[in-house]
Structure formats: structure tokens, C-alpha cells
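Engineer: Sequence and predicted structure, then a few things I'm wondering about:
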Amino acid sequence: MATHLGRLNPVLRHDDAARAATVRIEGLVRTLGGRDVLNGLQLSIADGEFVALLGRSGSGKSTLLRALARLDHDVPGGGELIAPDNVSVVFQDARLLPWRRLLDNVVLGLDGPDAVERGRTALAEVGLEGRERAWPVELSGGEQQRVSLARSLVREPQLLLADEPFGALDALTRIRMHGLLRRLCERHRPAVLLVTHDVDEAIALADRVVLLEEGRIALDLPVRLPVSRRRDDPEAAALRDRLLRQLGVETTESALGGALESALEGAAAEQAHGKATGVEPEAR
Ligand SMILES: Nc1ncnc2c1ncn2[C@@H]1O[C@H](COP(=O)(O)OP(=O)(O)OP(=O)(O)O)[C@@H](O)[C@H]1O
């Protein structure tokens, strides 16, 4: 396990205690536009744990992700951040290279004689078997995000960072992607930090939901729901209410309840489909 802090954030340390935790952050500060966007933030993510990160717009979610992805060397700050070297990032847009075929996009930069085979397997895992030679432009937005997931997971990252990866997709595609992501994570077991604005998405996918407020973690709640999550689980409803209250969202329960039901049903259906057939669903 390696350590990391940006050039202007000089506290670097190897630590045996980091073995049980993929990520350990203590007192993290990042200053942007004259403001401490991250202000003494503490957060740990255990090996294989799936954490969803919520927070109002501008609360610093992307800033935290950039710190973990080592994309913030020019941002002043301080504190301690321990994270693995092997990190993959999935963004809202798939960021595929348009002049490379799908398989070439997935294996780009991958070493080893089995790289191509691993790329093929990864594409099959996301439901794109047989599309290896297609061009990105031939794919829908959801399919492009499947390639983006394949490109990330083929590297077997210890930490997967996802910044609103489904934010640009339509509701149905998003629900299908929830099931796919959950299943891929169960298989590959990276630690995951998923940034989302969607409380229902967080509850449908995560083992733990944390909420960022004024540069620190204001809420840190476990999701005590079975893998196959049920829409009528009182724990899900209680968790949603708690998170929405913290976010200051005034809305009727029925309006959000419908979205949560869809998200949970979608994830469960994808899971059942994967288990029943033993293969990933076809690309949609
Ligand atoms: N390069 C920059 N210069 C100045 N301020 C910045 C810069 N980048 C981000 N900020 C500010 O830092 C704060 C946190 O931004 P960040 O993108 O991390 O928020 P976020 O929680 O991800 O927001 P959103 O949910 O809207 O994506 C915002 O107030 C933003 O305006």
C-alpha cells in the first residue's frame, strides 16, 4: 500500500494500520477560491467496502474524489491521506478515446501478454461481448459507461472512485447500471467511493452512506439491508428520511418512495438475472 499527498500537502506516511483500510483520511484540508472546501475531514474505507458520498452541490464531493485520485497537486491544503496506488476513476462521461475501438480503449496502457484476453473478459462482464471492434460513437451513453466500467475494473483496482457515473443516463438505464455495478463490485471487491446526488441510488448500492457538509463528514450511516434490497424495507425508508432531513430536502415521501422502489427493484432484478443466467445482461 502506498501513501499519497499532493505536492503542497507534504504529510506522507507508510502505516501498517492502513492494511485493513484501503483509505484512511485524517484532518484533510483543501482550499479553493479562498475557502477551506475540505476542512479537517476524517474518513476511512475498509477493503472491499462500498461507500456512497452525498452532499449538497458545492459541498466538496468532487474535491475529495480528486484528492483520492491524485488529481489535485495544485490545490493547497494539508492533513493526512493514505490510499492505494492502484486507483481507477469513473466519471459522469465515459471519456473513451473516439479513435480507438472498444477493446483498445479497455486495454490501453495495460501490460502483460494476457492484456487482450483480460480486456475481452471485462467487456463480456459488462454485457458487451462481441462488440470488441466497435467504435465508441456506435454506442449509447449507457453502453459507453459499461466500457468505462470495464476499463476501470480490468485493472483490478484496490479503490474505485466514481463521480456521479450514472448522472447523465436516463432513469431506466441508470437502474440497470446499478445492478451491474453492484454485481461487478461483489466479484472484484474493490473499495468503492461513489459520489452521487441521488439518495435512493446511495441506499440501493452502498454498504455505508456518508454525507459531506461544511468540509467534513456530517453523517456516516451503515446500510443494514440485504444484498437483494426490498422496496418495503423499513430500514431503507428510515435511512432515506434521515439523509433527506440532513440534506434539508422538503418533499413528499411518496414522490421519492417511487424512485427508491425503482432503484431497489432494478438492482434486485439485475442481480437475479445475473444469478439465474450466470452471464451479464445484454447491453441495452
Ligand atoms: N478551481 C476552483 N477554484 C475555485 N473554487 C473552486 C474550484 N473548484 C471547485 N471550487 C469550489 O469548491 C467548492 C466545492 O466544489 P466541488 O466540485 O468539490 O463540489 P461538489 O460537492 O462536487 O459539487 P457538485 O455536487 O455541484 O458537483 C465549490 O464551492 C466550488 O465552487
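Structural biologist: Sure, I can see it.

Engineer: Can you tell me the element L180 falls in?
Structural biologist: Per DSSP states H and E, L180 falls inside helix 171-188.

Engineer: So what's the residue count around P222?
Structural biologist: Neighbour count of P222, defined by other C-beta atoms under 10 Å: 11. Bear in mind the C-beta positions are built from the backbone N, C-alpha and C, glycine included.

Engineer: what's it in contact with, if anything?
Structural biologist: 207-208 (C-beta atoms under 8 Å, 6 or more residues apart in numbering).

Engineer: ok, it to V137 distance?
Structural biologist: Here P222 is placed at a distance of 42 Å from V137 (C-beta to C-beta, to the nearest Å).

Engineer: now R151
Structural biologist: The value you get for R151 to V137, if C-beta to C-beta is used, is 17 Å.

Engineer: So which of these two has more stuff around it?
Structural biologist: Neighbours were counted for R151 and for V137 using other C-beta under 10 Å; R151 has more, 25 against 9.

Engineer: does V209 sit in a helix, a strand or a coil?
Structural biologist: Assigned with DSSP: H, G, I helix; E, B strand; the rest coil, V209 falls in the strand class.

Engineer: hmm, who's touching stretch 54-67?
Structural biologist: By C-beta under 8 Å, 6+ apart, stretch 54-67 touches 6, 28, 30, 32, 37-38, 41, 43, 53, 72, 75, 77, 81, 89, 161, 163, 193, 195-197, 199, 202, 209-215, 243, 247-248.

Engineer: Please spell out which residues along that stretch are buried.
Structural biologist: Within stretch 54-67, the residues that count as buried by 16 or more other C-beta atoms under 10 Å are 54-56, 59-67.

Engineer: can you list those residues in CSV and add pLDDT and secondary structure?
Structural biologist: Shown next, in CSV, are those (pLDDT from 0 to 100; DSSP: H, G, I helix; E, B strand; the rest coil):
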residue, pLDDT, secondary structure
L54, 97, strand
G55, 95, strand
R56, 93, coil
S59, 93, coil
G60, 94, coil
K61, 95, helix
S62, 93, helix
T63, 95, helix
L64, 96, helix
L65, 95, helix
R66, 94, helix
A67, 95, helix
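
Engineer: which of those come close to the ligand?
Structural biologist: Of the residues in the buried residues of stretch 54-67, proximity to the ligand by C-beta under 6 Å from any ligand atom holds for 55, 59-63.

Engineer: Just the buried residues of the contacts of stretch 54-67.
Structural biologist: Among the contacts of stretch 54-67, those classed as buried by 16+ other C-beta under 10 Å are 6, 28, 30, 37-38, 41, 43, 53, 72, 75, 77, 81, 89, 161, 163, 193, 195-196, 199, 202, 209-213, 215, 243, 247.

Engineer: Please list the members of the residues you listed that lie in helices.
Structural biologist: Taking DSSP state H as the definition of helices, those contribute 199, 202, 243, 247.

Engineer: my read: the third one touches L219, true?
Structural biologist: Yes: taking C-beta atoms under 8 Å as the contact criterion, L243 and L219 are neighbours in contact, 7.0 Å apart.

Engineer: Overlap of the contact sets of these two?
Structural biologist: 209, 211.

Engineer: Now do the contacts for R118.
Structural biologist: Contacts of R118 (C-beta under 8 Å, 6+ apart): 107, 110, 112, 154.

Engineer: Check those against A20 and report the nearest one.
Structural biologist: V154 (25.9 Å; C-beta to C-beta).

Engineer: Filtering the buried ones among the contacts of stretch 54-67 by proximity to the ligand, which remain?
Structural biologist: V37.

Engineer: Contacts for stretch 84-94, please.
Structural biologist: 1-2, 4, 22, 65, 68-70, 136, 141, 144-145, 147-149, 151-153, 155-165, 167-168, 190.

Engineer: Can you say which of these are buried?
Structural biologist: Buried among those by 16+ other C-beta under 10 Å: 1, 4, 22, 65, 68-69, 136, 144-145, 147-149, 151-153, 155, 157-165, 168, 190.
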